[in-house]
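[1] Provide a 3D model corresponding to the input given below.
(2 chains)
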Amino acid sequence: MIELKTISKVYDNNIVALQNINLNIQEGELVVLKGVSGSGKSTILSLIAGLLKPTSGDVLVDNKHISKLPDHFCSDYRRDTVGFIFQKYNLIPTLSVQENILLPLVPLNPDEKELHVKLENVMNMFQIEHKKDVIVKNLSGGEQQRTAIARANVNNPKIILADEPTANLDEKLSKEFIKILQSLKKLKKTIIVATHDPLFFDLDFVDKMIELHNGKVVCC
Amino acid sequence: MLLTPEIVTISILNIFFVIFASIAFYFSLKIVLKYDYNETTTLQYTLEKQGYLVATIIKFIFYIKVILFIFFIFTLDNISTILPGAMCGAGVVNATPYGTYLLILKIINLYIFAYWIALHNEDMHSENQKYLKLKFQIFLLAYVLLLVEIILESIMFFSIDTKSVVDCCGAIFSTTDGTYMSTLLNIKHSILLSLFYGVFFLMFVAYILKNKYLYALLNLLFIIISLLSLIAYFGTYIYELPTHHCPFCLLQKDYNYVGYFLYIFLFIGTFQGLLVGLIDFSKEQENKKYKISLFFNTLYVLLISYYPLSYYIKNGVWL
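    Residues are numbered from 1 along each chain as shown, chains lettered A, B, ... in the order given. Below you'll find the predicted structure:
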C-alpha cells in the first residue's frame, strides 16, 4: 500500500535527512519508526503525507506517485487519505473542540446532517464529546491529544500518521493513546508512528519496528 | 522617432518581457530536453520545481500580452491624431513597411499566447501533468514569435515619421486600387455572406454532431471570413457609407467603440472553439467550451448583422 523507493531527502541548508530509504508497508499494518531526534522519522511521515517532496526516489500510496503530484492534488490526497497527529497537536487554541475537529471537512462543504454524524462518531470514539464546546486552550494535554486524534479521523482516512504523539503526555496518558492506536488498528487503518518513546517498543500489536539512524534504516 | 506615453509604456513592458521570457526560455529548453515524468532523480524533481516557477512567469507574461493587444490597438488609434493624413489606426499601420506584418503577427500571437494559457490551466488540473513538456515546447516557439513581435513593434514605433503624410484608411481600403486589398474587397457580397452565415450555421451542426475537429476548423475559417466580411461588407453599414471599409475606424467614439465589442466577441468565440479541437478536455469541460464559443460567436453575428438590417429597415435599400 505504501512504498518508499530509494528515497533521499536533502534540505535546502544541505542537511541530509534521508539516504536511499526503501520501505514497504501493507494495508492495515501498524509500523513504528524509532530513532533519535534528527534521524529522519518526521521526514518520512512528511513524505508519505505529501507535505514534502523527496530529493530523489519515489513515494507510492496505492500505486499513486505521491511525490509527483502537483501541490493542489497533494492537498486533495491528504484530505481524503491521511490523518496526521502532531507532537504539539497543532490545534487552533481559540476554537472549540468540535470546531477544531470539523476543520478538515470545511473545504468539502458537506451538508449539516453529514457533518453532525461524522462529528458525533469521532467524538464518541475518542471520548471527547463531553468537552465539545470547550475552547481548546482550556483543555488538559490528554484532552487536546484526543481532540487531535478525533480531527485526524473525522474524514475516515485510510492512513494515520503520528509524529511523536506521546512526547507531551505522561505515562498514563501515553498508555491511553496506545489503546486508541490499538482500536484504530482494529478498524484496519494503516498507522505509522514516529517516536522515541520506549512504551511503543514492546507492543505485541506492532507489525513492524523500523529503526533509523542518520537518515538510514539500521534495523527492521 | 515617436515617443508618446503609450509607446513608452509598451517599450518599457517589452524590456521586462524580453528579460523574463529569456530566463523562461533557458529553463524551458532544459525541461524540454531533460524532463521525464517516469524518472525520480534529483534532476527531475528540480526540473519539476523550476517548471512550476517558469510556467508562472510565462503565464503572467502571456496574460499581460493578451490584454496589451487591446492597448496596442488603442495606441494605434491615438497616434493617428498626430500623423498627418491618418484618420485612424489603419494610417499608422500603413505608415511604415512593418505595420501590416506586425499586426498579422500580433493576431497570430494573441491566439498562441491564449492557447498556451489554456494548455497550462489544463495541465495544472491534470494529476500527472500530461501537458508539461508540450507547453514548454510551445513556449520555445512562442518565445521566438514574441521576440520577433517586440523587434517589429520597436522598429515600427521608432521608424514612424510624424512629418511625412500617410495614407488614410479610405486610400488603404480602396476598391478601385488594383491591389490585393481591392481584390479581396471586390469579392461578391452574396458569396461572402453565404460563406459567413454558412460557416456559422455549420458550427451548430458540428456542435450537435460533437465533431470537435470540424468545429475547431470551422472556427478557424470563421476568423478569416468574419474579418473579410467585416471589411468588405458589414463595415460599410456601420459607417453607413459604401466606400468606407476600414476595420479601425469602428474602434472610435464616433461609432460607440463597437469595434472593441465585435473583436472581443469574435476572439473569445473563435478561441474557445479552436480550443475544443486542440486540447483533450473532459466531456463536461468540452461542453462548456462549445457553449461559450457558440454564445460569443452568436453575439458577434447578431451584433454585426444588426447594422445592415437596421439600415435596410430605416432606408428601405441596401448599400
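[2] Just the pLDDT for B:Phe267.
    If you check B:Phe267, the pLDDT there is 95.
[3] Is it in a helix, a strand, or coil?
    Remark: B:Phe267 carries the secondary structure label helix [criterion: DSSP: H, G, I helix; E, B strand; the rest coil].
[4] in terms of contact, does it touch B:Leu110 like I think?
    Yes - B:Phe267 is in contact with B:Leu110 according to CB atoms under 8 Å; the separation is 7.1 Å. All C-beta spots, glycine's among them, are computed from the backbone N, C-alpha and C.
[5] Over to A:Leu52. Which of the three states is it?
    When the structure is reduced to helix, strand and coil (three-state DSSP), A:Leu52 reads as coil.
[6] Over to residue 36: give its phi and psi.
    You didn't say which chain, so I picked chain A. Backbone torsions of A:Val36, given as degrees, to the nearest 10, read phi -70, psi 170.
[7] Correction: the question concerned chain B.
    Note on B:Asp36: its backbone torsions stand at phi -140, psi 120 [degrees, to the nearest 10].
[8] Now do the contacts for it.
    Counting by CB atoms under 8 Å, 6 or more residues apart in numbering or on different chains, B:Asp36 touches B:Gln44.
[9] what separates A:Leu115 from chain B, distance-wise?
    Distance of A:Leu115 to chain B, given as CB to the nearest CB, to the nearest Å: 27 Å.
[10] Could you check which helix or strand contains the most centrally placed residue in chain B?
    Among the residues of chain B, B:Ile107 comes closest to the average C-alpha position under CA atoms, centre = their mean, at 3.4 Å. Using DSSP states H and E, B:Ile107 maps to helix B:99-124.
[11] Name whatever forms a beta bridge with the residue nearest the centre of chain A.
    Among the residues of chain A, A:Leu161 comes closest to the average C-alpha position under CA atoms, centre = their mean, at 1.9 Å. In this entry, A:Leu161 is beta-bridged to A:Phe84, A:Ile192, by DSSP bridges.
[12] Go ahead and confirm it touches A:Leu47.
    No - between A:Leu161 and A:Leu47 there is no contact, the gap being 10.3 Å when judged by CB under 8 Å.
[13] Which residue ranges of chain B form helices?
    B:5-34, B:42-79, B:89-93, B:99-124, B:132-159, B:169-172, B:180-185, B:189-209, B:212-229, B:235-239, B:258-278, B:283-315 (DSSP state H).
[14] Next: chain A.
    Taking DSSP H as the criterion, chain A carries its helices at A:41-48, A:71-81, A:97-102, A:112-125, A:141-153, A:171-186.
[15] Can you add mean pLDDT and give these back as JSON lines?
    Compiled in JSON lines, those are given as follows (pLDDT from 0 to 100):
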{"stretch": "helix A:41-48", "mean pLDDT": "94"}
{"stretch": "helix A:71-81", "mean pLDDT": "89"}
{"stretch": "helix A:97-102", "mean pLDDT": "92"}
{"stretch": "helix A:112-125", "mean pLDDT": "86"}
{"stretch": "helix A:141-153", "mean pLDDT": "88"}
{"stretch": "helix A:171-186", "mean pLDDT": "85"}
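[16] any chance of these in TSV, plus mean neighbour count?
    Compiled in TSV, the helices of chain A are given as follows (neighbours: other CB atoms under 10 Å in any protein chain shown):
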stretch	mean neighbour count
helix A:41-48	24
helix A:71-81	16
helix A:97-102	23
helix A:112-125	15
helix A:141-153	23
helix A:171-186	16
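[17] which one of these lies closest to B:Leu195?
    When the helices of chain A are ranked by distance to B:Leu195, counting by CB to CB, first place goes to helix A:71-81 at 44.6 Å.
[18] can you tell if the closest one touches chain B?
    Yes - using CB under 8 Å from any CB of the partner chain, helix A:71-81 comes into contact with chain B via A:72-73.
[19] Quick one: name the residues of chain B near chain A.
    Within reach of chain A by CB under 8 Å from any CB, chain B has these residues: B:37, B:40-42, B:45, B:48-49, B:52, B:124, B:127-129.
[20] cutoff 6 Å now
    Along chain B, the residues adjacent to chain A under the rule CB under 6 Å from any CB of the partner chain are B:40-42, B:45, B:127.
[21] Can I have the buried ones of those residues as a ChimeraX selection?
    The following ChimeraX line selects those of the residues of chain B next to chain A that are buried, judged by 16 or more other CB atoms under 10 Å in any protein chain shown:
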select /B:40,45
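[22] Just the CA trace of stretch A:92-104, in CSV.
    Taking Å, rounded to 0.1, in the frame of the first residue of the first chain, the C-alpha atoms of stretch A:92-104 are listed here in CSV:
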residue,chain,number,x,y,z
ILE,A,92,-6.3,26.2,16.9
PRO,A,93,-6.4,27.3,20.6
THR,A,94,-9.2,29.8,20.3
LEU,A,95,-11.7,27.4,18.7
SER,A,96,-13.8,24.9,20.5
VAL,A,97,-13.2,21.1,20.4
GLN,A,98,-15.9,20.5,17.8
GLU,A,99,-14.8,23.4,15.6
ASN,A,100,-11.2,22.0,15.6
ILE,A,101,-12.5,18.5,14.7
LEU,A,102,-14.6,19.8,11.9
LEU,A,103,-11.8,21.9,10.3
PRO,A,104,-10.7,19.2,7.7
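[23] Any chance you could list what contacts that stretch?
    Under the contact criterion CB atoms under 6 Å, 6 or more residues apart in numbering or on different chains, stretch A:92-104 has outside partners A:91, A:119, A:128, A:131-137, A:147, A:150-151, A:154-155.
[24] What is the burial count for the residue of the stretch 151-300 of chain B found nearest chain A?
    Taking CB to the nearest CB as the measure, the stretch 151-300 of chain B has B:Ser282 as its residue closest to chain A, at 15.4 Å. Residue neighbour count, defined by other CB atoms under 10 Å in any protein chain shown, stands at 11 for B:Ser282.
[25] swap in B:Thr179?
    Each residue near B:Thr179 was counted by other CB under 10 Å, and the total is 13.
[26] What separation do you get for it and B:Asn186?
    Using CB to CB, to the nearest Å, we find B:Thr179 at a distance of 11 Å from B:Asn186.
[27] and chain A, which of its residues are near chain B?
    When proximity is defined by CB under 6 Å from any CB, chain A lies next to chain B at A:53, A:55-58, A:73.
[28] Throw those residues into CSV and include distance to B:Met203, thanks.
    Formatted as CSV, the entries for the residues of chain A next to chain B read as follows, by distance: CB to CB, whole Å:
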residue, distance to B:Met203
A:Lys53, 45
A:Thr55, 51
A:Ser56, 50
A:Gly57, 50
A:Asp58, 46
A:Phe73, 35
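[29] Quick one: end-to-end distance for stretch B:184-192.
    As for stretch B:184-192, its first-to-last residue distance stands at 10 Å under the measure CA to CA, to the nearest Å.
[30] In it, which residues are buried?
    Using 16+ other CB under 10 Å as the test for burial, stretch B:184-192 gives B:184-185, B:189, B:192.
[31] Need the max-distance pair from those.
    It's B:Leu184 and B:His189 that sit farthest apart of the buried residues of stretch B:184-192, by CB to CB, at 12.4 Å.
[32] Look at B:Lys210 and say how many residues are nearby.
    Around B:Lys210 there are 13 other residues, counting by other CB under 10 Å.
[33] so how far is stretch A:203-220 off the chain centroid?
    How far stretch A:203-220 lies from its chain's middle: 16 Å, per CA atoms, centre = their mean, to the nearest Å.
[34] residues of that stretch that come out buried?
    With burial defined by 16+ other CB under 10 Å, the residues of stretch A:203-220 counted as buried are A:206, A:209-212, A:215, A:217.
[35] In CSV: those residues, plus pLDDT and distance to A:Ser42.
    Converted to CSV, these look like this (pLDDT from 0 to 100; distance: CB to CB, whole Å):
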residue, pLDDT, distance to A:Ser42
A:Val206, 88, 19
A:Met209, 91, 17
A:Ile210, 92, 14
A:Glu211, 91, 15
A:Leu212, 91, 10
A:Gly215, 89, 12
A:Val217, 88, 15
